[in-house]
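[1] sequence plus predicted model, see below.
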Amino acid sequence: MKSTFSILSLFSLILLVLVSFADAQDKPNIVMICVDDLNDWTGFLGGHPEALTPHMDALAKRGRNFANAHCEVPVCSCSRASVMSGVAATTHGSYEIGPRYEELPALRNIPTIQRYFKDNGYLTLEGGKVLHHGFGGRLAGDIDRSLGRMRSPRPRKPMNRPSDWSSAWDWGAYPATDAEMADYQLAKNAAEVLKEDFDKPFFMTVGFFRPHVPLYVPQKWFDLYEADSFTLPMNPKSDLDLPKNFLTINNYAVAPTHAEVVNNGKQRSLTQAYLASISFVDHCVGVVLDSLKSSPHSDNTLIVLWSDHGFHLGEKEHWAKRTLWEESTRVPLLFAGPGIIPGKACAEPASLLDIYPTLSELCGLPANSHLEGVSLVPQLKDPTKARDRPAITSSYFGNHSIRSRDWRLIVYEDGAEELYDHRNDPNEFHNLAGDPTHKAIRDQLVRWLPDKATPEFKVKSERSRGRRK
């Protein structure tokens, strides 16, 4: 009898393992591509009429384009910590470059999306810039296999920047070939790995650095854009509604002011470098997607592509990020793959916080109670499906943007407000916050402001750097 019981127990165990293995094999793979500092200057978002992004455009056509997607925080490390944790900045308290994911007390027991998928049977692969500071410390075990995190070469001397500008804000045709660029090397590494067979579903994260400054890419990408003829952003002199605490918002990053760019005669060449960098990184995206298409995983792999935040190139007399306007918060967000029927773009608001719950639902993972985003699966099925929740973006403590389908409300820490009607004013030129005829929509949006935002968490090393207060 005891022998029979043991045999039955062993048989049950084997059956359970086989069923679990079969379930894991049925789950889709994931390729997640994140691009640094990419705004809406893509063909599929139409942010710049001459931007050439054929590979990302093709991905948008065969999936769902969330055309009204916005970041959690318009700066690298905080945005990425929010995406990978599924937790809002107003909960984890990181609003500026500084704290690592593993340093934030609020994220101490929160698994990254990579760890969560790994714990649910996935092989995790990662390369390039994904988390701003990488997967180190207690996060080191979140990744099973590295694709590498290389650095592109830089010229020994400045190429185009004025001598008194930060070394980060240089640009030019360098190096000579794509093969010397870290993003291209990463794309080729990912492409090679995608040819392999795996005994479990995989979650691959590929993080491209361009179009982050300094804007060095080979000459052929500059050649796509005639420096004297492409369109520059509209920038009426009357369009500058900023409270005092935001007037020097980029001092920490040492970005040039708009006056410095214009007075030095650099607006066209710097804008050309940004466009060239976008087309270069689009090519790198294409290398990965082409390899996936010809791989054994092509029919069972979900693709999600996003950028960590937007980027100003002179709009509202601003360069870089950190503002709560459309140029800084709006980001590309694309989903494609099995079960996602190609169709029209979704105009409903979406947040990068929604990536974690969306992928979890698409892959049939258990519910994860700490996630603060909302799954986009209803909009993947029907892009016209209404969504009540707006996209909320925070920049520094106490400043928030509420972006609905048609409106943006900005409320600053000092009480200043901006209200824009995107149906008639997509460039946010006309602040309606003081117009009593729009009080009802203002009151409807203001109720989404965070009740108790976590104060900014600072580590000792930040205080010693003398960063912008």
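    Here it is on my side, so go on. Numbering: from 1, shown residues only.
[2] rest of the way, CA atoms for contacts and neighbours
    Noted.
[3] measure D425 to W407 for me?
    10 Å (C-alpha to C-alpha, to the nearest Å).
[4] going along the chain, name the helices of the stretch 351-469 of the chain.
    355-362, 377-381, 439-446, 460-465 (DSSP state H, counting those that start in this stretch).
[5] over to the chain?
    Along the chain, counting by DSSP state H, helices occupy 2-26, 54-61, 76-85, 89-92, 113-119, 182-193, 219-222, 258-263, 267-293, 326-329, 355-362, 377-381, 439-446, 460-465.
[6] just how off-centre is the third one within its chain?
    Going back to what we said before, that points to helix 76-85. With C-alpha atoms, centre = their mean, to the nearest Å as the basis, helix 76-85 stands 8 Å off its chain's centre.
[7] what's the most buried one of the helices of the chain?
    helix 326-329 (a mean of 28; mean count of other C-alpha atoms under 10 Å).
[8] avg pLDDT for it?
    In this model, helix 326-329 has an average pLDDT of 97.
[9] quick one: list the elements packing against that helix.
    The criterion is 3 or more C-alpha pairs under 8 Å, 6 or more residues apart in numbering; DSSP states H and E, and there are no helices or strands that helix 326-329 contacts.
[10] show me where pLDDT drops low in the stretch 1-150 of the chain?
    For the stretch 1-150 of the chain, the stretches with pLDDT under 70 are 1-25.
[11] again, only using 90
    Residues of the stretch 1-150 of the chain meeting the criterion pLDDT under 90: 1-26, 97-98, 149.
[12] what lies in contact with stretch 333-347?
    Residues from elsewhere that reach stretch 333-347 (C-alpha atoms under 8 Å, 6 or more residues apart in numbering): 28, 59-69, 299-307, 352, 379-381, 383-384, 405.
[13] for that stretch, buried residues please.
    The neighbour-count check on stretch 333-347 (16 or more other C-alpha atoms under 10 Å) flags 333-337, 340, 342-347 as buried.
[14] need those in JSON lines (columns: pLDDT and distance to P390).
    Formatted as JSON lines, the buried residues of stretch 333-347 follow (pLDDT from 0 to 100; distance: C-alpha to C-alpha, whole Å):
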{"residue": "L333", "pLDDT": "98", "distance to P390": "16"}
{"residue": "L334", "pLDDT": "98", "distance to P390": "18"}
{"residue": "F335", "pLDDT": "98", "distance to P390": "19"}
{"residue": "A336", "pLDDT": "98", "distance to P390": "23"}
{"residue": "G337", "pLDDT": "97", "distance to P390": "26"}
{"residue": "I340", "pLDDT": "95", "distance to P390": "23"}
{"residue": "P342", "pLDDT": "94", "distance to P390": "24"}
{"residue": "G343", "pLDDT": "91", "distance to P390": "22"}
{"residue": "K344", "pLDDT": "94", "distance to P390": "20"}
{"residue": "A345", "pLDDT": "98", "distance to P390": "17"}
{"residue": "C346", "pLDDT": "98", "distance to P390": "14"}
{"residue": "A347", "pLDDT": "98", "distance to P390": "12"}
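[15] how about those residues, which pair is most distant?
    Using C-alpha to C-alpha, the buried residues of stretch 333-347 span at most 20.1 Å, a distance reached by G337 and A347.
[16] look at D414 and report its pLDDT.
    Value for D414, per-residue pLDDT: 88.
[17] would you mark the buried spots in stretch 160-175?
    So stretch 160-175, judged by 16+ other C-alpha under 10 Å, has buried residues 161, 169-175.
[18] and P378, what does it touch?
    By C-alpha under 8 Å, 6+ apart, the contact set of P378 is K385.
[19] out of the helices of the stretch 351-469 of the chain, nearest to D183?
    helix 355-362 (23.0 Å).
[20] which stretches in the stretch 351-469 of the chain count as strands?
    Using DSSP state E, counting those that start in this stretch, the strands of the stretch 351-469 of the chain run over residues 391-394, 400-403, 407-411, 417-421.
[21] quick check: which of the ones you listed is nearest to D451?
    strand 400-403 (11.5 Å).
[22] what is the closest one packed up against?
    Strand 400-403 packs on strand 391-394, strand 407-411, going by 3+ C-alpha pairs under 8 Å, 6+ apart.
[23] direction included, what does it pair up with?
    strand 391-394 (antiparallel), strand 407-411 (antiparallel) (DSSP bridges).
[24] TSV for those strands, including mean neighbour count and distance to M32?
    Output for those, formatted as TSV (neighbours: other C-alpha atoms under 10 Å; distance: least, C-alpha to C-alpha, whole Å):
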stretch	mean neighbour count	distance to M32
strand 391-394	29	21
strand 407-411	23	28
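[25] any chance of CSV for these, columns mean pLDDT and distance to T437?
    CSV is the format used below for the strands paired with strand 400-403 (pLDDT from 0 to 100; distance: least, C-alpha to C-alpha, whole Å):
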stretch, mean pLDDT, distance to T437
strand 391-394, 98, 24
strand 407-411, 97, 14
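[26] in a markdown table, list the ones you listed along with distance to D119.
    Compiled in a markdown table, the strands paired with strand 400-403 are given as follows (distance: least, C-alpha to C-alpha, whole Å):
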| stretch | distance to D119 |
| --- | --- |
| strand 391-394 | 29 |
| strand 407-411 | 38 |
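[27] which one of these lies nearest to S146?
    Closest among these, using C-alpha to C-alpha: strand 391-394, at 31.1 Å.
[28] mind checking how far L232 is from G314?
    9 Å.
[29] comparing the two, which residue is more hemmed in?
    Remark: of L232 and G314, G314 carries more neighbours, 21 against 15, as counted by other C-alpha atoms under 10 Å.
[30] quick one: contacts for the more buried one?
    Contacts for G314 (C-alpha under 8 Å, 6+ apart) come out as 233, 235, 258, 267.
[31] what's the distance between the closest residue to P99 other than its chain neighbours and I97?
    Distances taken as C-alpha to C-alpha, 6 or more residues apart in numbering place V459 nearest to P99, at 6.3 Å, with adjacent residues excluded. Taking C-alpha to C-alpha as the measure, V459 falls 11 Å from I97.
[32] between those two, who's got more neighbours?
    More neighbours surround I97 than the other of V459 and I97, with 18 against 13 (other C-alpha under 10 Å).
[33] give me every residue that touches the nearest residue to the more buried one once chain neighbours are set aside.
    By the measure of C-alpha to C-alpha, 6+ apart, the closest residue to I97 outside its immediate chain neighbours is S77, 5.4 Å from it. Going by C-alpha under 8 Å, 6+ apart, S77 touches 96-100, 131-133.
[34] dig out what T393 forms beta bridges with.
    Note on T393: beta-bridge partners S401, judged by DSSP bridges.
[35] separation between it and D282?
    26 Å.
[36] same thing with S146?
    Taken as C-alpha to C-alpha, the span from S146 to D282 is 22 Å.
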